[in-house]
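Participant: this one's sequence-less:
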């Protein structure tokens, strides 16, 4: 797919803004506060119905406009099957209206086959530095773009978890209900955990193949035996076991949960461990190495998504300017080889990074205050 143009109204710092994307690669530059990140945020919102900077849609409304409580985003894009598509979202009075090709959209499934973005920002370093919930969310969003039924699986899981926790906090404990919710929580967790575990191992294979491919030769001497390992971590559950085995192996589970008054197993507690050169990235990898790992995770997602569902647009918000010139050139050449639309932001105009992109055919957009 390729985003051709986007129109933004009352969104962040924009009152009424229009931008077109004619080339496969675009670099957007400008001083802080000119709206570079907000443009990517709008394109991201069209895909996920959620910002990567805030959970509240109200905070996306232009704060300079008095008595305005709405924003509007419209994108024109092409897919493999259709040259002219239009996706728009209007937010007003705490309600969201989504239209695809002028028809109301009520299900995420209706969008998956048309509009897909993968976004990379500085905050994505929290994949390594942050808590397990950040990594779980990344996996769940990745799976959702591949399988629209995953959303219902997550909703069912959360409902069971909520009911089970209420039961554990209730003074009138019911053992029969506890057994029922326990089995259902185990069943729903296993489904989610197997999907997450399978995807993360696929990503690990893709990432290490890429590292071998692009860091061979001269650059390989600088990054000898570069490798990344991803290990999905589950508490108390064996993915290959059955429910009876789970109960037998956790005989003290009920006593512990009644003590803590919450569920002590389930997909909501899982994590995945990221290792670089066989050591925990969080503790041992440099900032540059951490950025490389996060970039590889997103690239693995793009490759997997393109293979299973179709191409996505890659939005990179001032993420690659820290790499040295040689490494940046290798990485950008590899991104271009994926044959997807690339949209970069950079904090200032000029410099080796912008020059490199322009040499490779990028279109330049400069924002001013």
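Facilitator: Looks like it came in fine. Because the structure is a prediction, the values reported are computed rather than measured.
Participant: Quick check: which element contains residue 365?
Facilitator: The secondary structure element spanning residue 365 is strand 363-366 (assigned by DSSP states H and E).
Participant: Contacts for that strand, please.
Facilitator: Contacting residues not belonging to strand 363-366 are listed as 19, 21-23, 25-30, 349, 354, 358 [Cβ atoms under 8 Å, 6 or more residues apart in numbering]. C-beta: built from backbone N, CA, C; applies to glycine.
Participant: Then stretch 6-26?
Facilitator: 2-5, 33-35, 38-39, 41-43, 60-62, 64-65, 68, 70-76, 336, 339-344, 357, 360-365.
Participant: do the same with stretch 118-129
Facilitator: When contacts are taken as Cβ under 8 Å, 6+ apart, the neighbours of stretch 118-129 outside the stretch itself are 37, 40, 44, 52-53, 134-135, 138, 274, 281-282, 285, 287, 290-291, 293-295, 297-298, 301-302, 305, 312-319.
Participant: And residue 160, its phi and psi?
Facilitator: When quoted as degrees, to the nearest 10, the phi and psi of residue 160 stand at phi -60, psi -40.
Participant: need the helices for the stretch 1-150 of the chain, in chain order.
Facilitator: Across the stretch 1-150 of the chain, reading from the start of the chain, the helices by DSSP state H, counting those that start in this stretch fall at 36-48, 109-112, 126-129, 132-146, 150-169.
Participant: how about the ones you listed, which one is nearest residue 257?
Facilitator: Shortest distance between residue 257 and the helices of the stretch 1-150 of the chain, using Cβ to Cβ, is found for helix 150-169: 5.4 Å.
Participant: Quick one: list the elements packing against that closest one.
Facilitator: helix 132-146, helix 175-214 (3 or more Cβ pairs under 8 Å, 6 or more residues apart in numbering; DSSP states H and E).
Participant: can you redo these as CSV with mean pLDDT and distance to residue 101?
Facilitator: CSV is the format used below for the helices and strands packed on helix 150-169 (pLDDT from 0 to 100; distance: least, Cβ to Cβ, whole Å):
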stretch, mean pLDDT, distance to residue 101
helix 132-146, 95, 20
helix 175-214, 95, 30
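Participant: Is it possible to get those out as JSON lines so that each row also shows distance to residue 264 and mean neighbour count?
Facilitator: Listed next are the helices and strands packed on helix 150-169 as JSON lines, based on distance: least, Cβ to Cβ, whole Å; neighbours: other Cβ atoms under 10 Å:
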{"stretch": "helix 132-146", "distance to residue 264": "14", "mean neighbour count": "18"}
{"stretch": "helix 175-214", "distance to residue 264": "11", "mean neighbour count": "17"}
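Participant: Format those helices as TSV; extra columns: distance to residue 12.
Facilitator: Formatted as TSV, the helices and strands packed on helix 150-169 follow (distance: least, Cβ to Cβ, whole Å):
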stretch	distance to residue 12
helix 132-146	22
helix 175-214	32
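Participant: Hmm, residue 273 is touching residue 234, no?
Facilitator: No - with contact defined as Cβ atoms under 8 Å, residue 273 and residue 234 do not form a contacting pair (11.4 Å).
Participant: out of the two, which sits in the busier spot?
Facilitator: residue 234 (19 against 15; other Cβ atoms under 10 Å).
Participant: what sits against the more buried one?
Facilitator: Under the criterion of Cβ under 8 Å, 6+ apart, the contact list for residue 234 reads 193, 197, 270.
Participant: And residue 101, by the same measure?
Facilitator: Shown in contact with residue 101 (Cβ under 8 Å, 6+ apart): 85-87.
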